[in-house]
Each structure stands twice: as C-alpha cells, then as structure tokens.
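> Sequence and predicted model, in that order:
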Amino acid sequence: MSVSARIAGKPERPEGYCRRALHRFRRDQSGLALVEFALSLPILLILVTSGLELANYVITTKRIGEIAVLVADNASRMGAQSALNDKQISEAEINDVFIGADMQGGGLDFATRGRIILSSLQQNEEGGQWIKWQRCFGALPHPSSYGDEGDGETGTSFPGMGPENNRVTAAEGTAVMVVEISYRYRRIIPLLDLPLHDISETAAFNVRDNRDLTGVQPSEDVTPSTCT
C-alpha cells in the first residue's frame, strides 16, 4: 500500500499493484543465464554426442581397414618353406591368420559382428581369373561382393576381384590374397539416429614366395573355415 493510500485511508487499487509487479519483473535479471543455459543445453548435448559417435565410427573404420591389410599380408606369407617344393599352405595356417585378426580387433566383438572373406585369386588353365579357394571367419551373414569359390574356373569371362574400376588380377604362376571385411557397427549412443552404415574394407597382397597353387592342405584335428 502506498503512502498516499495510507493517508487517504483507502486500499491500493489492484491495477496499480500489478503495474509495479510487472515493472519489477521486467527489470529483474536474476536467473537469466540459467534460463539461457537450459534452452541451449539440448542442442549442446546433441552436438557433443554426435561428435563422439562420429569420432568412434571413424576410429572403428580405420581399425577395420588395418585388420584387412593385416589378414592379406599374413595370408601372403603363409606356407611351409621347403628347398625341394613350393610352399604349401594348410587349413591350420589359415585359421591362425583369422585368430590373429580376431586378436587385433579386440573390443570389437569381431567374431560375432564381423565377417572376413579370404580368397585365393589365381589364373586358370586358359589364362582367365579364378577364385581357387575361399575361407571365411565371423558370424555376420555377409556374402562376398566380388565372387565365390570356383568362380572363373574355366574360360576368361571372370574379370577378377574388386570394384569395377579397380579390379585385382593374378599373374601367371602366382596368386593374390584378396580380403573382404564387413563389420556391423555398434552405436555407443543408440538414441542418435545418425546414418552410420555397416563398415566394409578390402585389401589384397600378392603371395611373397613361390607357392603350391594346387590348393589348401588338410590339417589334423583342424576344421576348415569354409564360407558355407
């Protein structure tokens, strides 16, 4: 109640009290920063979490690419050295290569969420490209994008493996170890609907030494890692 109202002995009018309350509210700046922070917090959280998710996706893609190169390189070195015969490769050696890849991908749950397809690309008797044998590792149901075991066994119609504009082909008397990897990425923040697809990487290495190209030798008590 104002001084004049008390002197007059009359109560203050409601509209006068409301005007003064609105005026005080308009000039009051306490809590202004808190309100701005509350409004901007959702946008800030989306930007930060999206950045973390994208960074993790890029790192995972790089790791999958490194595993593809590792498998192709190790597969190109397989074989028991002999002074009399070309190197022979065995099912046990192929499985060892896959075990090394699984260890390299520690933390990725690669055996469950990934698929490695290792192919031996060679020339057939007619000079055409031929997938002589193929082995696989990982439970992800993903077929080869470039051919299956036995493709190109006869004729010259099979063009080789790899993207159409960058085919990998094998020279006469040697082989190329072609690796395809597919991996189902697991989001660290599943609430975000970012367009993150499965990761696919390829790599290829020519065999390092003279290799017996007749096929893979069986190993005692070893189950072949076939792709079926």
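Thanks, I have the structure now.
> who touches the host helix or strand of residue 132?
Under the criterion of DSSP states H and E, residue 132 resides in strand 129-137. For strand 129-137, the external contacting residues (C-beta atoms under 8 Å, 6 or more residues apart in numbering) are 94, 98, 101-102, 111, 115-124, 144, 147-153, 156, 158-161, 169-170, 175, 213, 215-216, 224-227. Backbone N, C-alpha and C define where each C-beta goes, glycine included.
> residue nearest the centroid of the chain?
residue 199 (3.4 Å; C-alpha atoms, centre = their mean).
> I'd like to know which elements the top helix by length along the chain is packed against.
Secondary structure assigned by DSSP state H gives helix 32-76 as the longest helix of the chain. For helix 32-76, the elements it packs on are helix 91-104, strand 114-123, strand 176-183, strand 199-206, judged by 3 or more C-beta pairs under 8 Å, 6 or more residues apart in numbering; DSSP states H and E.
> Distance to residue 165 and mean pLDDT added to these, as CSV?
Output for the helices and strands packed on helix 32-76, formatted as CSV (distance: least, C-beta to C-beta, whole Å; pLDDT from 0 to 100):
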stretch, distance to residue 165, mean pLDDT
helix 91-104, 27, 95
strand 114-123, 17, 97
strand 176-183, 16, 97
strand 199-206, 13, 96
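> Out of the ones you listed, which is closest to residue 63?
Proximity to residue 63 (C-beta to C-beta) singles out helix 91-104 among the helices and strands packed on helix 32-76, at 8.1 Å.
> in terms of contact count, name the helices or strands touching the closest one.
Looks like helix 91-104 contacts helix 32-76, helix 110-113, strand 114-123, strand 129-137 (3+ C-beta pairs under 8 Å, 6+ apart).
> Could you dump those into a markdown table and include distance to residue 179 and mean neighbour count?
Converted to a markdown table, those look like this (distance: least, C-beta to C-beta, whole Å; neighbours: other C-beta atoms under 10 Å):
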| stretch | distance to residue 179 | mean neighbour count |
| --- | --- | --- |
| helix 32-76 | 4 | 14 |
| helix 110-113 | 13 | 18 |
| strand 114-123 | 6 | 24 |
| strand 129-137 | 10 | 22 |
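> okay if I get those as CSV plus distance to residue 181?
Putting these into CSV (distance: least, C-beta to C-beta, whole Å) gives the following:
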stretch, distance to residue 181
helix 32-76, 5
helix 110-113, 9
strand 114-123, 5
strand 129-137, 10
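> Determine which of those approaches residue 209 most closely.
Here helix 32-76 is closest among the helices and strands packed on helix 91-104 (C-beta to C-beta), at 9.1 Å.
> still on that earlier bit, what is the mean pLDDT for the longest helix of the chain?
The average pLDDT within helix 32-76 is 85.
> how deep is the residue lying closest to the residue nearest to the centre of the chain once chain neighbours are set aside tucked in, by neighbour count?
Closest residue to residue 199 apart from its sequence neighbours, by C-beta to C-beta, 6 or more residues apart in numbering: residue 183 at 4.5 Å. When neighbours are defined as other C-beta atoms under 10 Å, residue 183 has 25 of them.
> Please give me every residue in contact with residue 183.
Going by C-beta under 8 Å, 6+ apart, residue 183 touches 60, 64, 108, 110, 113-115, 140, 198-200.
> same thing but at 6 Å, please
64, 114, 199 (C-beta atoms under 6 Å, 6 or more residues apart in numbering).
> Need the residues you listed in JSON lines (columns: distance to residue 70).
Below are those laid out as JSON lines (distance: C-beta to C-beta, whole Å):
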{"residue": "64", "distance to residue 70": "11"}
{"residue": "114", "distance to residue 70": "13"}
{"residue": "199", "distance to residue 70": "15"}
